[in-house]
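[1] need coordinates for the following:
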Amino acid sequence: MTGKVNTSVARAVANIAIFLEFSGEELLDADAAVGVMEQLAADLQSLDGYAQRQLSTAISLIASEYGAKEKEFLVGLPEKLGLEEET
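    Numbers count the residues shown, from 1 in each chain. Coordinates of the predicted model:
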């Protein structure tokens with residue numbers, strides 16, 4: 001993937017994950033949100049290691065574009081999605 005594609009895909013993943021994480025139960029069923037996040041993680045884990053590292057780096061780079069709460073969430077997102085080794 002090119003840098004522009006990486007950034008666009010990272011932003012799309014970030015926006016979906018933020019929506020799932022921060023939407024209240026009046027908007028989104030919590031169990032459904034967890035299920036979608038787990039499916040997203042499984043799909044992204046099927047990428048090869050190089051692509052996972054690229055996506056992880058791109059998510060970290062775009063995190064600064066978001067508010068403080070979302071930025072903090074995004075910094076840990078690659079690990080939560082299984083794209084990085086747990087530290």
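[2] next, the residue of the chain most remote from its centre: phi, psi?
    Distance to the chain centre peaks in the chain at Glu26, reaching 22.5 Å (criterion: C-alpha atoms, centre = their mean). For Glu26, the backbone dihedrals are phi -70, psi -20 (criterion: degrees, to the nearest 10).
[3] list the contacts for it?
    Glu26 makes no contacts at all, as judged by C-beta atoms under 8 Å, 6 or more residues apart in numbering. Every residue, glycine included, has its C-beta placed from N, CA and C.
[4] residue ranges with poor pLDDT in this structure?
    1-2, 85-87 (pLDDT under 70).
[5] what do you get if the cut-off is 50, keeping everything else the same?
    87 (pLDDT under 50).
[6] share the number of residues neighbouring Leu74, please.
    The local packing of Leu74 (other C-beta atoms under 10 Å) involves 24 other residues.
[7] check which helix or strand covers it.
    Leu74 belongs to helix 68-80 when assigned by DSSP states H and E.
[8] for that helix, buried residues please.
    Within helix 68-80, the residues scored as buried using 16 or more other C-beta atoms under 10 Å are Glu70, Phe73, Leu74, Leu77, Pro78.
[9] can you give me the neighbour number for Asn6?
    For Asn6, using other C-beta under 10 Å, the count is 18.
[10] please name the nearest non-neighbouring residue to it.
    Spatially, and ignoring its direct neighbours in sequence, Asn6 is nearest to Ala58 (4.3 Å; C-beta to C-beta, 6 or more residues apart in numbering).
[11] got phi/psi on Thr23?
    Thr isn't right for residue 23; it's Ser. According to degrees, to the nearest 10, Ser23 has phi -70, psi 130.
[12] I should have written Ser46 there, sorry.
    phi -80, psi -10.
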